[in-house]
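S.K.: For reference, the sequence and a predicted model appear below.
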Amino acid sequence: MKGSLFITGPAGTGKSTLAGSLKEWMQRQDIDSIIVNLDPGAEYIPYEADIDIREWISISQIMSEFNLGPNGAQIVASDMILENIDAIRTALENYDDYYVIFDTPGQIELFSFRPSSSLMVDALAGNQSMIAFVADSIISSTPSGFISQKLLFGSIMSRFLKPTMFILNKTDLVTSEDIKNIESWETSTDALNDAFVSERESSNKQYFVSVISAFRESGLMTKIHKVSSREMSGLEDIYSDMSLYFSGGADDDTLYRDD
Ligand SMILES: Nc1nc2c(ncn2[C@@H]2O[C@H](COP(=O)(O)OP(=O)(O)O)[C@@H](O)[C@H]2O)c(=O)[nH]1
Ligand SMILES: [Mg+2]
């Protein structure tokens, strides 16, 4: 593979939609990519997976075999991915010259907090890999929501220790004023602090003031990729960062050359 991108984030933020849109955008630019669905519990995915973990793992079979409910079965299933790593790797061998987009389970905790996940990422990532953390614009449009997304983003970074993009998806659902606010919180600790304090008069402010300052020092405030997976906007920005990272700045596809 040329490079891989693991798409993660809370349930419903649009990971699968982004995977499909990014592949479609790449196709339009003649950039080869495939999608690997790593969510054994997905009932519907908005793209045609090139490699699909559901070929090997079935949630309904796990439920009946181990007498589990859907949540227990999801946990067993996420650990079972490891048993199928060789099969996935063999399937990936057909795609040497491709970017590989990994769509991860709907529930972020299954991907982020199970020990099996970092083993799985290490086994599948290849030499060059990045993580895309997908946050929902509506949730991120309040200071407390934005902070909660950033804390999750930090937990993903600490789990995988890989370059991670913060993707603000569903920007089509918020106003340009909302986006301006989010960007000001990203670039100014004071702006985030002031907005948070006025949102939550009675909260334990001092704790969060410290957390917000730590964001700045920790490098968790870097860049926001503003995306609408539904409207296919902002995708070139994701690819641009991928190619920048994977090729050390050079872009073989001449996409961003001025002439
Ligand atoms: N308006 C809007 N809806 C979106 C966008 N991306 C995803 N969605 C919708 O959000 C819902 C959840 O998307 P999905 O990709 O399944 O989320 P996942 O659980 O993170 O994989 C679906 O109804 C999508 O159509 C977007 O950019 N804009
Ligand atoms: Mg999904």
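M.R.: That came through, no problem. Ligands and ions are numbered 1, 2, ... in the order given.

S.K.: Pairing partners for the longest strand out of those in the chain, with directions?
M.R.: Counting by DSSP state E, the longest strand found in the chain is strand 129-136. Strand pairing for strand 129-136, using DSSP bridges, gives strand 3-8 (parallel), strand 164-169 (parallel).

S.K.: For the last one, which residues meet the burial criterion?
M.R.: Judged by neighbour count (16 or more other Cβ atoms under 10 Å), strand 164-169 contains these buried residues: 164, 165, 166, 167, 168, 169. Every residue, glycine included, has its C-beta placed from N, CA and C.

S.K.: gap between the third one and residue 226?
M.R.: To tie it back to what came earlier, the one meant is residue 166. Distance of residue 166 to residue 226, given as Cβ to Cβ, to the nearest Å: 10 Å.

S.K.: What ranges does the stretch 1-150 of the chain have for its strands?
M.R.: For the stretch 1-150 of the chain, the strands defined by DSSP state E, counting those that start in this stretch cover 3-8, 33-37, 51-52, 99-103, 129-136.

S.K.: So for ligand 2, which of the ones you listed sits nearest?
M.R.: Ranking the strands of the stretch 1-150 of the chain by proximity to ligand 2 (Cβ to the ion) places strand 99-103 first, at 6.0 Å.

S.K.: Go ahead and measure how far the closest one is from the middle of the chain.
M.R.: Computed by Cα atoms, centre = their mean, to the nearest Å, the separation of strand 99-103 from the middle of its chain amounts to 11 Å.

S.K.: So it, near ligand 2 or not?
M.R.: No. Using Cβ under 5 Å from the ion, strand 99-103 never reaches ligand 2; the gap is at least 6.0 Å.

S.K.: ok, and what's touching that strand?
M.R.: Residues outside strand 99-103 that contact it (Cβ atoms under 8 Å, 6 or more residues apart in numbering): 1-7, 15-16, 19, 22-23, 26, 31-39, 45, 49, 92, 124, 126, 242.

S.K.: What strands flank that strand, and is each parallel or antiparallel?
M.R.: strand 3-8 (parallel), strand 33-37 (parallel).

S.K.: most packed of those strands?
M.R.: Comparing those on average neighbours per residue, with mean count of other Cβ atoms under 10 Å, the densest one is strand 3-8 at a mean of 25.

S.K.: And the residue of the chain found nearest ligand 1, how close does it get to ligand 2?
M.R.: Nearest to ligand 1, among the residues of the chain, is residue 14, at 2.9 Å (Cβ to the nearest ligand atom). In this view, residue 14 and ligand 2 are 8 Å apart by Cβ to the ion, to the nearest Å.

S.K.: Return the list of helices and strands in contact with the helix-or-strand element of the chain with minimal mean pLDDT.
M.R.: Within the chain, no helix or strand scores below helix 205-218, which has a mean of 78 by mean pLDDT, DSSP states H and E. The elements that helix 205-218 packs onto, with contact taken as 3 or more Cβ pairs under 8 Å, 6 or more residues apart in numbering; DSSP states H and E, are helix 143-160, helix 189-199.

S.K.: Mind doing that once more with 6 Å?
M.R.: Packing contacts for helix 205-218, counted by 3 or more Cβ pairs under 6 Å, 6 or more residues apart in numbering; DSSP states H and E, involve helix 189-199.
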